[in-house]
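J.: from the sequence below, what's the structure:
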Amino acid sequence: MNVAVVQPIAGVSVNRETDIEAVYPSIASGFLGQLIGMIMGAVSAAIPVTFIRVIVLVAVGAALLPLGLLAYALNKIFGVCYIVTNRSVQKRSFLGNSMTAQVALTDIDHIEIASGAGYKFHRVGDLNLVGAQGNLLLTIEAIQFPERLKHVILDARQARQLSDRSLAQIQSR
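T.: The predicted model follows:
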């Protein structure tokens, strides 16, 4: 006879951490990527005519292609990824998949979006996860659409807080 385990909240496991999303930084997280972004941004800003700007950007981009490929390879070999789970935000290295940093969702007070050198061309930003005392808990570097990831993390934090309160209420009965 099979006996089903009754969960207080459907789909919520008290003991299991589940991945929500994995985020990979842009090449702008490294020096070479920032350099490429600054060069391409300066070229784009220097030429006012759109048709000529596109031609020059393609030519300069072709010349910078070896640097871009090197930056991509270095980022994939020695880089990191960020994983948002139902309990935390984790920073993991690609080599060995070892966790180098972890921040519990409940420790995050607010999230700030910052921009670095060379980020404008790549259309990326940094997310600074800030604790209740104003201390920087973790920086998620050079990710595309940082506003979207900010909302994912804040929604996951809110869901974690509501689940914890619900489970505490159920267990107190």
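
J.: pull the longest helix from the chain.
T.: helix 146-171 (DSSP state H).

J.: and that helix, which residues are buried?
T.: Buried residues in helix 146-171, counted by 16 or more other C-beta atoms under 10 Å: 146, 149-150, 152-153, 156-157, 160, 163. No exception for glycine: its C-beta is placed from N, CA and C like everyone else's.

J.: isn't residue 152 up against residue 20?
T.: Yes - using C-beta atoms under 8 Å, residue 152 makes contact with residue 20 at a distance of 6.9 Å.

J.: now the common contact residues for these two.
T.: residue 84 (C-beta atoms under 8 Å, 6 or more residues apart in numbering).

J.: excluding its backbone neighbours, what's nearest residue 67?
T.: residue 32 (5.5 Å; C-beta to C-beta, 6 or more residues apart in numbering).

J.: distance of the one you found from residue 114?
T.: Shown here: residue 32 relative to residue 114, a distance of 20 Å by C-beta to C-beta, to the nearest Å.

J.: can you check residue 137 too?
T.: Using C-beta to C-beta, which is the criterion applied here, residue 137 is 14 Å from residue 114.

J.: so between those two, which is more surrounded?
T.: Neighbours around residue 137 and residue 114, counted as other C-beta atoms under 10 Å, are more numerous at residue 137. The numbers are 19 against 12.

J.: in a strand, the more buried one, correct?
T.: Yes - assessed by DSSP: H, G, I helix; E, B strand; the rest coil, residue 137 belongs to a strand.

J.: that one against residue 108, yeah?
T.: Yes - with contact defined as C-beta under 8 Å, residue 137 reaches residue 108; the gap is 6.6 Å.

J.: and residue 122, what pLDDT?
T.: Note for residue 122: predicted pLDDT of 91.

J.: now it, nearest residue through space, not along the chain?
T.: Using C-beta to C-beta, 6+ apart and skipping residues adjacent in sequence, the residue nearest residue 122 is residue 28, 4.2 Å away.

J.: how many neighbours does that neighbour have?
T.: Neighbour count for residue 28, taken as other C-beta under 10 Å: 30.

J.: contacting residues around it?
T.: Taking C-beta under 8 Å, 6+ apart as the test, what residue 28 contacts is 34, 37, 116, 118-119, 122, 124, 142.

J.: so, low pLDDT: which residues of the protein?
T.: 1-14 (pLDDT under 70).

J.: measure residue 43 to residue 122 for me?
T.: 14 Å.

J.: same thing with residue 146?
T.: 12 Å.

J.: residue 24 now?
T.: 13 Å.

J.: what about these two, which has more around it?
T.: Neighbours per residue (other C-beta under 10 Å) separate residue 24 from residue 122, with residue 122 holding more: 20 against 15.
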